[in-house]
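Asker: Output the structure for:
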Amino acid sequence: MSRSAVKCEKNEKQAIAKLKKAIEQGNMEGARIYGQNAIREKNQALNCLRMSSRIDAVASRLETAIRMKTVTKSMTGVVAGMQTAMKSMDVEKISKTMDEFEKQFEDMDVRSGYMENAMSNSAASATPAEEVDQLIRMVADSNNLTLAAEMDGDGPVPEGVPQGKVQEEEKGDD
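Answerer: Prediction:
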């Protein structure tokens with residue numbers, strides 16, 4: 001329909017051009033006819049645009065109706081699925097299952113804590129503390145590190161500054 005409107009507008013312009021030519025030639029009867037044709041073409045173009053607009057509106061409404069039908073079908077399926085799920089959901093069974101899950105989780109937590117403790121004890125007993133202390137002293141001595149205090153048992157290993165760096169810093173301050 002919009003193509004028809006464009007065609008009518010083109011015909012209107014042609015009629016106006018013919019009207020102008022008839023007026024220039026002094027043909028008033030022909031000018032009147034071309035004027036009527038121009039007005040008729042203009043009105044027809046407007047009618048085509050109105051009709052096109054109405055057709056677009058109907059098409060839009062049809063498209064909306066089709067979409068709503070699809071959504072309604074989908075909602076029907078979802079509701080049916082929800083009803084099935086609601087029928088199979090027994091609150092007491094769910095509560096029992098959750099309680100059992102929590103109990104098993106706590107048992108697993110206790111067992112894993114026991115295993116971690118056993119593993120750390122076996123690793124600590126497998127490596128004698130004297131050998132570890134001796135290795136730390138040897139590494140500290142070979143890298144010119146000083147230990148702040150003698151280690152007693154499992155104490156933390158202190159950090160020291162290499163002598164070379166202390167001497168460089170003293171030279172930089174001068």
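Asker: Please work out how many residues are found near E9.
Answerer: The tally of other residues near E9 (other C-beta atoms under 10 Å) stands at 17. In this view, the C-beta of every residue, glycine as well, is placed from N, C-alpha and C.
Asker: Enumerate every residue touching it.
Answerer: Neighbouring residues of E9 by C-beta atoms under 8 Å, 6 or more residues apart in numbering: E41, K42, A45.
Asker: could you say which helix or strand contains it?
Answerer: helix 2-25 (DSSP states H and E).
Asker: now the helix or strand following that helix against helix 2-25, angle please.
Answerer: Next helix or strand after helix 2-25 toward the C-terminus (DSSP H and E): helix 28-88. Angle, helix 28-88 to helix 2-25, by axes from the mean of the first three to the mean of the last three C-alpha atoms, to 10 degrees: 170 degrees.
Asker: Quick one: distance of helix 28-88 to the chain centre.
Answerer: 34 Å (C-alpha atoms, centre = their mean, to the nearest Å).
Asker: Contact partners for the residue sitting furthest away from the middle of the chain?
Answerer: Residue farthest from the centre of the chain, counting by C-alpha atoms, centre = their mean, is G26 at 73.6 Å. Shown in contact with G26 (C-beta under 8 Å, 6+ apart): no residues.
Asker: buried set for the helix or strand containing N117?
Answerer: Taking DSSP H and E as the definition, N117 sits inside helix 91-126. Buried residues in helix 91-126, counting neighbours by 16 or more other C-beta atoms under 10 Å, are absent.
Asker: Show the average pLDDT along the helix or strand that it is followed by.
Answerer: Remark: after helix 91-126, the chain's next helix or strand is helix 129-142, criterion DSSP H and E. Helix 129-142 carries an average pLDDT of 76.
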